[in-house]
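Model the following, please.
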Amino acid sequence: MISRNIIVSLKVILFNWQSMLFKTTLSLFFTFFFSIAALSGCGFADDRFIERVVIGFDSKYQSKFIDNNALFKEGWDTISHVRFWQDIMTMSNDSVLINIADVRQPLFSLHASDWSCQTVEEKDEYKRLVCVSNDLSATTSIYATTGKQHFFEFRKLLPMIPVAIEVFEQEGTDPWYAQTILLIESPGKTDAVSYAGARGAFQLMPGVARSQGLVVNRHQDDRTDLRKSAAGAARFIRKVCVVEAKRLLDKYTITYNESDLWFRLFVMHIYHSGAGNLSAALDAMQPTHGGMPFIRKLWRTEAAGFKNESQNYSQVALAAMVMFDRLLNAESESDTVFLVHGDKRIADLKNGSRYCVDTLAYLNECLEAYGTDLIEGVIPVNYFLEADARVLYQIERYCKDNQPCYELTPIRRSERFGSFAAKLITKKKLKEAILILGKALEINPLSVVSYNLIIRAYNLDKQPEMVEKFTALRDEMINNPTKFLK
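Numbering: from 1, shown residues only. Next up is the predicted model:
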């Protein structure tokens, strides 16, 4: 940073020397100095980023993330579409939200099985009755959207985002795209494959990946490598998506700034749907200006391959940005983010920052938090079991001085493990589910539910011999339960 004395001295020199040559030289000096300072970061705070200390179950490190303050200043978080997708991100996949498609207004929710069991004709009739009962036009489109809580595992992204930001900066691409794409494409999953063939954290199609220098063949797929995938995505955005976005906007003489949120969202649509589909959408829109109205009109436009999924893309991005901001700023007076929710709750209990009216209820919430950490893949099974045992020990100490605790009974403990295992199975985390269910059966060997779940997990994991083994054990336990009691 330039010291105050240097500034004062330069002002004196400028005052005393009036020659044009000196003024020109001095001007060039300042231009050069401030350019170098801007590049090096010396003395200039980069307001694009916020720094947080991330505490994991086995690590602690400082990282930087994108500051999305513009999202809130411009009011994007208040749009009904963005609020709707936040609801979806917090709903489990056994729930369905019935909503008005055009404005994404939620009407009511129901169990997913109650919706999926209906035929196409029954669903159409159901939607018709929804329109009638809510005094809506018969032409109103009604959607049934399933909860996506299991998909958006934002905490798993905390170690990945700083790496991707670094790669994007090295490639000379706006790092905003690195964080935003990671939030919505396949959060926390570097090996995810879409129905269309896109793969990796940045969900690159094979052709796109190869065009940006990545190797994709039967023996090697660079899309599963975070750094290589990030580099490919960064090059594709800089060389293709941003260039095409400018071309399309210039065609309609729409002014823009590359750092504007609406422009970035438009680039995201090109990343997802391709310039051809966006060109068709703009031809249908015939826009005259940019900004939020431009993006909101894009959400209501269908053309070529730009349809519902494409319209949703930036809506989901905005919602994910809001949710991630909440994660980063959960503690208003702290720059610390706990990767493990269970650890955060225990830390609050120990340091007295949270005052528990009902200690037992709070400790139960800690047990559930650790279960959620396991389900979301934030902690491994062994850490979960150790943490669970530590919390149960605190519950046991509390109960000795206060009241009997249902939480300590074998039935309740196995039920809780079974509940976590069922969710792990839903997320195809079969190895973890099997380990948890093995522990559940150790705790309560008479649990039919645990047997049925472990049989299901082994069946999905394609281990027929284990399916046969545990089926026989379950049947034997049912016929002779006393044999299984210790």
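
roughly how far out does stretch 184-195 sit from the chain middle?
11 Å (CA atoms, centre = their mean, to the nearest Å).

Need the residues that contact it.
Residues from elsewhere that reach stretch 184-195, judged by CB atoms under 8 Å, 6 or more residues apart in numbering: 151-157, 160, 198-203, 224-226, 229, 313, 316-317, 320, 377. Using the backbone N, CA and C atoms, a C-beta is placed for each residue, glycine as well.

give me that answer again for 6 Å
152-153, 156-157, 199-201, 203, 224, 226, 316-317, 320 (CB atoms under 6 Å, 6 or more residues apart in numbering).

which residues in the stretch 251-400 of the chain form strands?
336-338 (DSSP state E, counting those that start in this stretch).

okay, and for it, where does confidence drop off?
Scanning the stretch 251-400 of the chain for pLDDT under 70 picks out 331-333, 352-357.

all helices of it, in order?
261-273, 275-285, 292-298, 308-328, 341-351, 359-375, 381-401 (DSSP state H, counting those that start in this stretch).

Mind putting the ones you listed into TSV with distance to Lys127?
TSV is the format used below for these (distance: least, CB to CB, whole Å):
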stretch	distance to Lys127
helix 261-273	27
helix 275-285	26
helix 292-298	24
helix 308-328	15
helix 341-351	38
helix 359-375	33
helix 381-401	42
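
of all those helices, which lies closest to Lys427?
Comparison of these against Lys427 by CB to CB identifies helix 359-375 as nearest, at 6.7 Å.

Kindly provide the distance from Arg264 to Phe168.
Look at Arg264 and Phe168: by CB to CB, to the nearest Å, they are 13 Å apart.

The two: which has the busier surroundings?
Phe168 (24 against 21; other CB atoms under 10 Å).

how far out from the middle of the chain is the one helix or strand the more buried one maps to?
Phe168 is part of helix 160-170 when elements are defined by DSSP states H and E. Put simply, helix 160-170 sits 16 Å off its chain's centre (CA atoms, centre = their mean).

packing partners for that helix?
Other elements packing on helix 160-170 under the criterion 3 or more CB pairs under 6 Å, 6 or more residues apart in numbering; DSSP states H and E are helix 176-184, helix 226-236.

How far off centre is the first one?
For helix 176-184, the distance between its averaged C-alpha position and the chain's averaged C-alpha position is 9 Å (CA atoms, centre = their mean).

Over to the last one?
Here helix 226-236 is found 19 Å from its chain centre; the criterion is CA atoms, centre = their mean.

Just the buried residues of it, please?
226, 228-236 (16 or more other CB atoms under 10 Å).

Kindly format the C-alpha coordinates of it as CSV.
What follows is helix 226-236, C-alpha atoms only, in CSV (Å, rounded to 0.1, in the frame of the first residue of the first chain):
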residue,chain,number,x,y,z
LEU,A,226,-11.6,-31.7,-10.5
ARG,A,227,-8.7,-29.6,-11.7
LYS,A,228,-8.7,-30.8,-15.3
SER,A,229,-12.5,-30.6,-15.5
ALA,A,230,-12.4,-27.1,-14.1
ALA,A,231,-9.7,-26.1,-16.7
GLY,A,232,-11.8,-27.5,-19.5
ALA,A,233,-15.0,-25.7,-18.3
ALA,A,234,-13.0,-22.4,-17.8
ARG,A,235,-11.7,-22.5,-21.3
PHE,A,236,-15.1,-23.4,-22.8
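
which other helices and strands contact it?
helix 160-170.

Need the residues that contact the helix it packs on.
Under CB under 6 Å, 6+ apart, the answer for helix 160-170 is 63, 65, 175, 178-179, 182, 226-227, 230-231, 234.

Dump the residues you listed to CSV, plus distance to Leu214 and pLDDT.
As requested, the contacts of helix 160-170 are arranged in CSV below (distance: CB to CB, whole Å; pLDDT from 0 to 100):
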residue, distance to Leu214, pLDDT
Ser63, 25, 94
Phe65, 25, 97
Pro175, 19, 97
Ala178, 16, 98
Gln179, 21, 97
Leu182, 17, 97
Leu226, 12, 96
Arg227, 11, 97
Ala230, 11, 98
Ala231, 8, 98
Ala234, 12, 98
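
Looking at those, which is nearest Thr78?
Gln179 (21.6 Å).

Pull the number of nearby residues for the closest one.
Gln179, neighbours per other CB under 10 Å, totals 21.

One more: Ala317?
Counted with other CB under 10 Å, Ala317 comes out at 24.

Test my guess that it contacts Thr180.
Yes. Between Ala317 and Thr180 there is a contact under CB atoms under 6 Å: 5.5 Å.

care to break the chain down by domain?
4-40, 71-146, 155-328, 341-484 (automatic domain parsing).

Of all those, which one is nearest Val53?
Using CB to CB, these put domain 155-328 closest to Val53, at 10.8 Å.

Pull the contacting residues for the residue nearest to the spatial centre of the chain.
For the chain, the residue nearest the mean C-alpha position is Phe154 (3.6 Å; CA atoms, centre = their mean). Phe154 sits next to 324, 327 when contact means CB under 6 Å, 6+ apart.

Would you mind measuring from it to Gly291?
28 Å.

Equivalent analysis for Val53, please.
Distance from Val53 to Gly291, by CB to CB: 36 Å.

more neighbours, those two?
More crowded of Val53 and Gly291, by other CB under 10 Å: Gly291, with 16 against 13.

Is it correct that Trp336 is in contact with Val53?
No, residue 336 isn't Trp; it's Thr. Yes. Under the criterion of CB under 6 Å, Thr336 makes contact with Val53 at 4.7 Å.

Is it possible to get JSON lines of the buried residues of helix 226-236 that adds distance to Ala440?
Putting these into JSON lines (distance: CB to CB, whole Å) gives the following:
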{"residue": "Leu226", "distance to Ala440": "34"}
{"residue": "Lys228", "distance to Ala440": "40"}
{"residue": "Ser229", "distance to Ala440": "37"}
{"residue": "Ala230", "distance to Ala440": "40"}
{"residue": "Ala231", "distance to Ala440": "44"}
{"residue": "Gly232", "distance to Ala440": "43"}
{"residue": "Ala233", "distance to Ala440": "41"}
{"residue": "Ala234", "distance to Ala440": "45"}
{"residue": "Arg235", "distance to Ala440": "48"}
{"residue": "Phe236", "distance to Ala440": "46"}
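
Much appreciated, bye for now.
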